[in-house]
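# missing the sequence, but the structure's below:
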């Protein structure tokens, strides 16, 4: 394990050095193709660096931060867009924003009714931390639980691990730098529709970077004149989900080190098609004065998410025993924390 941590530190030192190059050299190159050309070695570096780590948890988060966050932020930066184009005041700000789940708010919302801006109870995060610790302990008794219950645990594990790690990273950075940052999640289990889940509740920072600047707007603006605004919007949504699928397949390759099976791509294509269909149906039924109460639509959405995740999202990880390796690491972490608390 110590050797794995050493490799993890070396990977991040390499990533930080690459971002120093971006800040001191690439940033001085005029925006556009020339700056993009100067950033290509760093983009390639971010793709190959996670391959040096074998720990499922460490490589998963490293790949997510460098590939899904870092690469897209640098692509936007090459054209002077996105969070890195706001001229961070120093190199520490630049590195933090480029490589961590942090996107400063450009125009903080003033609408008090905005669901993503609602103050959450202070006890909610500790409760999630407690549930996560319990899940890590449950993994020791997998053989006693029904397979369907284990799959429910995997869904909770996925959500809670992301939210807790993001909060653990974002909170000190926000405190030290005084930044007001975009929220990461907005209680996705309360989603009333797929559009609500993907657009307003799940991984909001990544959705903002890819949809608003990188994929959605470009596709929509390019084909609006050819197919009309309605079809262009649908095509842009599908293109965004397609990019999500490609990026997640790369992350899965980093984690499992086996060729992609494209199941994860099918997962995002399925959700893209269903979200586009849902938006189209909602426009029709709302004109007729019909609507589905969230007490009904909410459980349907959660059920669809759980079924599709267990059908297409988890199988590749389970076949390569990533669940066992990951749970063993979390059990070690929980035991380490307990040993420090009680001794």
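Happy to help now that I have it. Note that the structure is predicted; figures quoted are calculated from it, not measured.
# how close does the closest residue to residue 239 other than its chain neighbours get to residue 149?
In space, and not counting its chain neighbours, residue 239 is closest to residue 219: 4.5 Å by CB to CB, 6 or more residues apart in numbering. Every residue, glycine included, has its C-beta placed from N, CA and C. Look at residue 219 and residue 149: by CB to CB, to the nearest Å, they are 41 Å apart.
# the two: who's more crowded?
Set side by side, residue 219 and residue 149 show more neighbours around residue 219, with 20 against 12, by other CB atoms under 10 Å.
# how far away is the closest residue in space to residue 32 that isn't next to it in sequence from residue 189?
Distance criterion CB to CB, 6+ apart; nearest residue to residue 32, sequence neighbours excluded, is residue 79 at 6.4 Å. Distance, residue 79 to residue 189, by CB to CB: 36 Å.
# for the record, mean pLDDT for stretch 192-201?
Stretch 192-201 carries an average pLDDT of 91.
# show me what counts as buried in that stretch.
192, 193, 194, 195, 196, 197, 198, 199, 200, 201 (16 or more other CB atoms under 10 Å).
# so who does the closest residue to the third one other than its chain neighbours touch?
What that stands for is residue 194. Spatial nearest neighbour of residue 194, excluding adjacent residues (CB to CB, 6+ apart): residue 275 at 4.5 Å. Counting by CB atoms under 8 Å, 6 or more residues apart in numbering, residue 275 touches 194, 195, 198, 237, 241.
# contacts only, for the residue nearest to residue 239.
Counted by CB under 8 Å, 6+ apart, residue 219 has contacts 232, 235, 236, 239, 240.
# flag every buried residue along the strand or helix carrying the fourth one.
The reference is to residue 239. Using DSSP states H and E, the element containing residue 239 is helix 229-256. For helix 229-256, a neighbour-count test (16+ other CB under 10 Å) marks 232-245, 247-256 as buried.
# next one, pLDDT for the closest residue to residue 139 other than its chain neighbours please.
Computed as CB to CB, 6+ apart, the closest residue to residue 139 that is not its neighbour in sequence is residue 327, at 3.6 Å. Residue 327 carries a pLDDT value of 73.
# for residue 327, the count of nearby residues, please.
22.
# so it sits against residue 132, correct?
No. Judged on CB atoms under 8 Å, residue 327 makes no contact with residue 132 at a distance of 11.9 Å.
# quick one: the helices in the stretch 1-150 of the chain, in order.
Here the stretch 1-150 of the chain has its helices, by DSSP state H, counting those that start in this stretch, at 2-24, 33-48, 56-63, 72-78, 91-99, 124-138, 147-177.
# packing partners of the fourth one?
Translated: helix 72-78. helix 33-48, helix 91-99 (3 or more CB pairs under 8 Å, 6 or more residues apart in numbering; DSSP states H and E).
# mind checking how far that helix is from the chain centre?
Relative to its parent chain, helix 72-78 has a centroid offset of 17 Å by CA atoms, centre = their mean, to the nearest Å.
# residues touching the nearest residue to residue 36 once chain neighbours are set aside, list them.
Nearest non-adjacent residue to residue 36, counting by CB to CB, 6+ apart: residue 78, 3.9 Å away. Residues in contact with residue 78 (CB under 8 Å, 6+ apart) are 26, 31, 32, 35, 36, 39.
# brilliant, that's me finished.
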